[in-house]
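1. After the sequence you'll find the predicted model.
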Amino acid sequence: MGGRAATPGNRLLLGVAKAPHVGKVGLAAFAVALVGVAGAERQGAISFVSAGFLAFAALTGTLFLLCFYDLVVSVLELRYRSSVTGAPGRLRIASDIVQEYVRWLSPLGFVVGIIVGHYFWQ
Amino acid sequence: MATGAAMIGVLWEVWAATSSATQGLCKVANGAPFTTFPYPSQVFVLTAIGAYVAGHITSRYAVEVRPELRAGLGQEKFDRIGPVLVVKLFATGFLLIATILNLYEARAFATGNWPITYYVWCGAAASPFFALLGAAIVAFLIGRWLWIPR
């Protein structure tokens, strides 16, 4: 199996799975998109309502790209076992404090999101 | 999470609006959407939150009966790669659809076309009880499936 790491597919997996700053790049891209939308709204290029939906689109679009990245790496791992490629275990939460936040992420996200979304929508 | 709830609610209420439009309940006066409801809009919000909490409470019972449900995706009972990939595929597809809908909505408001928001308002005005019921059911299922006690 060790020889397979030299194939193009394995090299691609190694390169993709060892990119440690994908999440940070996603956050930066999201921040840039928000600044761009806010700037366009302040200059009168788009309405406040359109800007709000564009901001949501930037959020879901960033999450989509991150999920797509994760999906691609998972499929490649399935094809070229991670033990061969040395891909790190992803989406593991080691910190107890962070895990405590994650427990409350769903209810907080739902309640805050539905209230904020309601007032924006109205 | 909220985006997911909103999107499913939108789909439900678009259906209600579409079926009610043929009865003339959804006419637009001077280009403005029909926005008067028999209930205050806060009723929808509070109902959704209540149903969400109810869904969580029922999931507590489910977890007591089947404690293996506490395991996270990719761990213990759910460590097989097949289901993990399916869940990731659904999440990716859902986020893609949510992005497209948000872009459509922003463009509709910018160009003056009817956005999905107006269809939702129209559907809620035409069938307020069913809109409320639909919002409650969706919120209940989200609380049941996505707020599992750990």
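-> Yep, that arrived. The model shown is predicted, which means the values in this text are computed figures rather than measured ones.

2. What residues does chain B have near chain A?
-> Contacts of chain B with chain A, taken as C-beta under 8 Å from any C-beta of the partner chain, map to B:1-3, B:5-6, B:41-42, B:44-45, B:48-49, B:52-53, B:56, B:74, B:81, B:84-85, B:88-89, B:91-92, B:95-96, B:98-99, B:102-103, B:105-107, B:109-110, B:117, B:139, B:142-143, B:146-147, B:150. Every residue, glycine included, has its C-beta placed from N, CA and C.

3. Just these: which are in helices?
-> If you go by DSSP state H, the residues of chain B next to chain A have B:2-3, B:5-6, B:41-42, B:44-45, B:48-49, B:52-53, B:56, B:81, B:84-85, B:88-89, B:91-92, B:95-96, B:98-99, B:102-103, B:105-107, B:109-110, B:117, B:139, B:142-143, B:146 in helices.

4. Among those residues, name the buried ones.
-> Buried by 16 or more other C-beta atoms under 10 Å in any protein chain shown: B:2-3, B:5-6, B:44-45, B:48-49, B:52-53, B:56, B:84, B:88, B:91-92, B:95-96, B:98-99, B:102-103, B:105-107, B:109-110, B:117, B:139, B:142-143, B:146, out of these.

5. Quick check: what element follows the worst-scoring helix or strand of chain A on mean pLDDT along the chain?
-> Every helix and strand of chain A was ranked by mean pLDDT, DSSP states H and E. The lowest is helix A:82-85, at a mean of 52. Note on helix A:82-85: by DSSP states H and E, the next helix or strand toward the C-terminus is helix A:96-121.

6. Can you tell me, leaving aside adjacent residues, what's nearest to B:Thr92?
-> Distances taken as C-beta to C-beta, 6 or more residues apart in numbering or on different chains place A:Cys67 nearest to B:Thr92, at 4.3 Å, with adjacent residues excluded.

7. contacting residues for that neighbour?
-> B:Lys88, B:Ala91, B:Thr92, B:Leu95 (C-beta atoms under 8 Å, 6 or more residues apart in numbering or on different chains).

8. shouldn't the first one be in contact with A:Ser74?
-> What that stands for is B:Lys88. Yes: here B:Lys88 reaches A:Ser74: they are 6.1 Å apart, a contact under C-beta atoms under 8 Å.

9. What score does A:Phe48 have for pLDDT?
-> Listed pLDDT for A:Phe48 reads 89.

10. Actually, B:Ile8.
-> On the pLDDT scale, B:Ile8 gets 74.

11. excluding its backbone neighbours, what's nearest A:Leu27?
-> Excluding the flanking residues, the one nearest A:Leu27 by C-beta to C-beta, 6+ apart is A:Thr62, at 7.8 Å.

12. three-state assignment of the one you found?
-> Classification of A:Thr62 using DSSP: H, G, I helix; E, B strand; the rest coil returns helix.

13. From B:Leu95, how far out is it?
-> As judged by C-beta to C-beta, to the nearest Å, A:Thr62 and B:Leu95 stand 9 Å apart.
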